[in-house]
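Novice: sequence unknown, structure follows:
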């Protein structure tokens, strides 16, 4: 199974809502990533987890809160978002962090719209 | 400074012809990897090909090949015999293995349109 799944596929939320994005992989990977991609732009790294511990936080606003409850799951909790946070949110996983070759397998993404 | 530069925002190619997508990179890390991903309009990122900084030969994967010129810091993607399904956004990305951030840094992308 070389698949990363993400739910939901689409999400529309108001600025006062609280919602969560979910990501799951069953490849035994120990590194998981959240990227944000605005339209016609490349993905931008948000967070990296390694062995369920937060390894990298790219100065993301606190209205985005990541969580890695176990080695297969990665969540992104959303609260008090702004319309400019509307984007495609991509989850990825890789075997680990070490080394220059660690192919990142991407999920299909969640398209988030903040009204 | 940009770590990954893709200078072609858009490219057109005729079906069955070959096309080269340009990518230059900048790093002082001796150990790095270069990746190419394809992103159709559906949004998924599809891994195409990988080249390691210590690899002696250019990588090939089916119709995809990577023209790696280390001294010039370029890693161009060559797609042979283009197909209509190749129309998509293509991203070059780098991962620094020793001293850099342990995640992919992407270029701005090239939108390829294959014409019948």
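Specialist: Thanks, I have the structure now. Not measured: the values here are computed from a predicted model. Residues are numbered from 1 along each chain as shown, chains lettered A, B, ... in the order given.

Novice: Now do residue B:70 against residue B:61, distance only.
Specialist: Using C-beta to C-beta, to the nearest Å, we find residue B:70 at a distance of 19 Å from residue B:61. Placement of C-beta: from N, CA and C, glycine included.

Novice: Apologies, that question was intended for residue A:13.
Specialist: Distance of residue A:13 to residue B:61, given as C-beta to C-beta: 39 Å.

Novice: Who does the spatially most central residue of chain A form a beta bridge with?
Specialist: Nearest to the mean C-alpha position of chain A, by C-alpha atoms, centre = their mean, lies residue A:34 at 2.8 Å. Residue A:34 has these beta-bridge partners by DSSP bridges: residue A:47, residue A:91.

Novice: So residue A:84, which state does it fall into?
Specialist: Here residue A:84 is recorded as helix under DSSP: H, G, I helix; E, B strand; the rest coil.

Novice: got a list of what it touches?
Specialist: By C-beta atoms under 8 Å, 6 or more residues apart in numbering or on different chains, the residues touching residue A:84 are residue A:114.

Novice: confidence score at it?
Specialist: Looking at residue A:84, its pLDDT reads 95.

Novice: Quick one: residues contacting the closest residue to residue B:39 other than its chain neighbours.
Specialist: Spatial nearest neighbour of residue B:39, chain neighbours left out: residue B:89 (4.4 Å); criterion: C-beta to C-beta, 6 or more residues apart in numbering or on different chains. The contact partners of residue B:89, by C-beta under 8 Å, 6+ apart, come to B:38-40, B:109-112.
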